[in-house]
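Participant: got a structure for you, letters missing:
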């Protein structure tokens, strides 16, 4: 079917992405590139705070939250006019963050201070600061809102924070330099990448038990260069995508059987990824090559790369 | 502040060395020893090296260890001791040993390190201060792991880069200090290893101060057969600082001055290094150097091993370190590990000039059947050491 109708398939992709817009943080340029996914071009470059890294959207897609790490703040951009409307009391050196499903509580990793700061984004009040390990980095809140999980890169742990009490209740030791955590949509599984360990750990959330530790192997690439960072899971539970950093590939994993299906060649030092709202396209930021790659999820093919600023790091997509 | 640290050190020293079951708290005592002779006079007005290099790295690692340790019921302590006398340093080590310490980080030249390690054979020693090749190649101290890169690793890193840039003909200039001669020996070995040629070699034996006369003397001194690059071995910085821009032929200067190979430098920032640099600068109020990094990663390696083993037994830590099963995160973009034959921490080497990172070795294309980082320094077949076959 797909082979018979390549044109209409292509049109579908185009159509689905028509209104979508990607925002990419450029770590070394202090800017955000705005990409119109219909035309696949950068339409605007927005000046933001220093060393922008983590990005996220409010659940209504109206606001863009930006970790401006070297400005020691989280900036809030109104996407209707691209103006910064607020700066949050984020604590020092915010790198990654996650927004609670209630659209109010923002959990922020403060990399230099070994803290997770919880901010109420409406009142801009710090609700809690939680001591975690050295160099907190990855941050995720479970879709059911019960858990906030932080990774500490030098302590090599996942720190489980109960969002009801904002207290650290459990720690899971994983491999070296955990970078990123991602919950499955049903909140039952947690995926964590370990950059130097070269692994992805899959954890049962209820039991907080490690189910599987995955390793990756790409022909012609030394195992030390396979350094998993970003992880994205499709809502339908079918795929997990793992960005492998300086290996310049994204691993495609069957999210049910944990079998590695393919490795997709993208740009150099691939960091993070985001889906388009229809989950038909995946966008990756490639730090060293200064571009983003677009991946068609139906065919699992890299379809396009688009030049952005220097050291693109985070990416989000609005409808 | 010093006094306070010292007091903390003293109180920590009394904490007994304990190997306990996983449920109980684990106290891990580490001693840092530094040989600190009075600095010798230099003929150039180089920017002085920090006098607390090494210690500050170990201290920072202790903070890192403890912030991890509190989740794992591990508590690390560090006592610091320094002297300008080798015998005093040994007495300090013995005192620590009597108090139960079995893990030592040392910043001292080869002979002193050897004396310390031989006197306390049941302890594990981390060499964060000597780049001496003999230690890795023939001395084969059973109870020592080396976190500072060896001279051979540094000069191989440099030679790979020169081979890649086709800087094949060297004018080698060597100072008269023993450490200059050792560095020059490493350079000669690297030249041979990577097919580069030393077309002329000169010893710097002038006793004059170059501050006012370098532009007159250096061009004459560097007159020689056609060369692509001037390679200098002047570890203390007596004259080498005056070579760049003063050579007879317009050629780059590389070695201990100009483009230098280092274990760590301010300009290293990728792979999370920026965070380590920031933590260090906040802690020490200055930039982190290679000796700081070597001491830092020594103390961090202890914690990585203790976390895996759930005890702090020096024999077990050594065995694990030499088994290749102890991956270490050193902010250098790769998983680091200890070489089973020599106990040397394999690591990428940065090639820097004072304000920029120029390149990192191993260079692309220098392949190795086991690990590309083993293209730097003495490989298994080139050493008489087989540490992993020996017991502590």
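Facilitator: Perfect, I can see it now. Values in this document were obtained by computation on a predicted structure and should not be read as measured data. Numbers count the residues shown, from 1 in each chain, chains lettered A, B, ... in the order given.
Participant: secondary structure class for the one residue in the stretch 101-250 of chain A that gets nearest to chain B?
Facilitator: Distances between the stretch 101-250 of chain A and chain B by Cβ to the nearest Cβ are smallest at residue A:155, namely 3.9 Å. Backbone N, C-alpha and C define where each C-beta goes, glycine included. Secondary structure, DSSP: H, G, I helix; E, B strand; the rest coil: residue A:155 is coil.
Participant: which non-adjacent residue is nearest it?
Facilitator: Distances taken as Cβ to Cβ, 6 or more residues apart in numbering or on different chains put residue A:133 closest to residue A:155, at 2.5 Å, once the chain neighbours are dropped.
Participant: mind checking the SS state of that neighbour?
Facilitator: Applying three-state DSSP: residue A:133 is coil.
Participant: what's near enough to touch it?
Facilitator: A:114, A:152, A:154-157, A:159, A:171, B:67-68, B:71 (Cβ atoms under 8 Å, 6 or more residues apart in numbering or on different chains).
Participant: Chain B contacts on the stretch 151-300 of chain A?
Facilitator: Proximity of the stretch 151-300 of chain A to chain B (Cβ under 8 Å from any Cβ of the partner chain) is limited to residues A:152-157, A:159, A:171, A:173, A:175-177, A:196-198, A:222, A:224-225, A:246.
Participant: for the stretch 51-200 of chain B, what spans make up the strands?
Facilitator: Applying DSSP state E, counting those that start in this stretch to the stretch 51-200 of chain B gives strands spanning B:74-83, B:103-107, B:124-127, B:144-146, B:169-174, B:197-203.
Participant: Give me the sheet partners of the fifth one and which way each runs.
Facilitator: Paired strands of strand B:169-174, with direction, are strand B:197-203 (parallel), strand B:229-233 (parallel) (DSSP bridges).
Participant: The following helix or strand past the shortest one packs against which elements?
Facilitator: Stepping forward along the backbone from strand B:229-233, the first helix or strand reached (DSSP states H and E) is strand B:253-255. Identification of packing neighbours for strand B:253-255 by 3 or more Cβ pairs under 8 Å, 6 or more residues apart in numbering or on different chains; DSSP states H and E yields helix B:151-165, strand B:229-233.
Participant: Can you list the buried residues in strand B:253-255?
Facilitator: By 16 or more other Cβ atoms under 10 Å in any protein chain shown, the buried positions in strand B:253-255 come out as B:253-255.
Participant: what is the mean pLDDT for that strand?
Facilitator: Here strand B:253-255 scores 98 as its mean pLDDT.
Participant: try stretch B:261-278
Facilitator: 94.
Participant: Also stretch A:21-28?
Facilitator: pLDDT averaged over stretch A:21-28 gives 97.
Participant: likewise stretch A:269-282?
Facilitator: Mean predicted confidence for stretch A:269-282 is 96.
Participant: any idea how chain A splits into domains?
Facilitator: By the assignment in automatic domain parsing, chain A contains the domains A:1-21+A:218-319, A:48-215.
Participant: Across the sheet, point out what pairs with residue 171.
Facilitator: Defaulting to chain A. When assigned by DSSP bridges, residue A:171 has beta-bridge partners residue A:159.
Participant: switch to chain B, that's the one I care about
Facilitator: residue B:200, residue B:230.
Participant: neighbours of it, just the number please.
Facilitator: When neighbours are counted by other Cβ atoms under 10 Å in any protein chain shown, residue B:171 registers 27.
Participant: about what we covered before: any chance of the contacts of residue A:133 in a markdown table, plus distance to residue B:338 and pLDDT?
Facilitator: As requested, these are arranged in a markdown table below (distance: Cβ to Cβ, whole Å; pLDDT from 0 to 100):
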| residue | distance to residue B:338 | pLDDT |
| --- | --- | --- |
| A:114 | 28 | 87 |
| A:152 | 24 | 94 |
| A:154 | 19 | 90 |
| A:155 | 22 | 91 |
| A:156 | 18 | 93 |
| A:157 | 24 | 94 |
| A:159 | 29 | 97 |
| A:171 | 27 | 94 |
| B:67 | 24 | 87 |
| B:68 | 20 | 87 |
| B:71 | 25 | 89 |
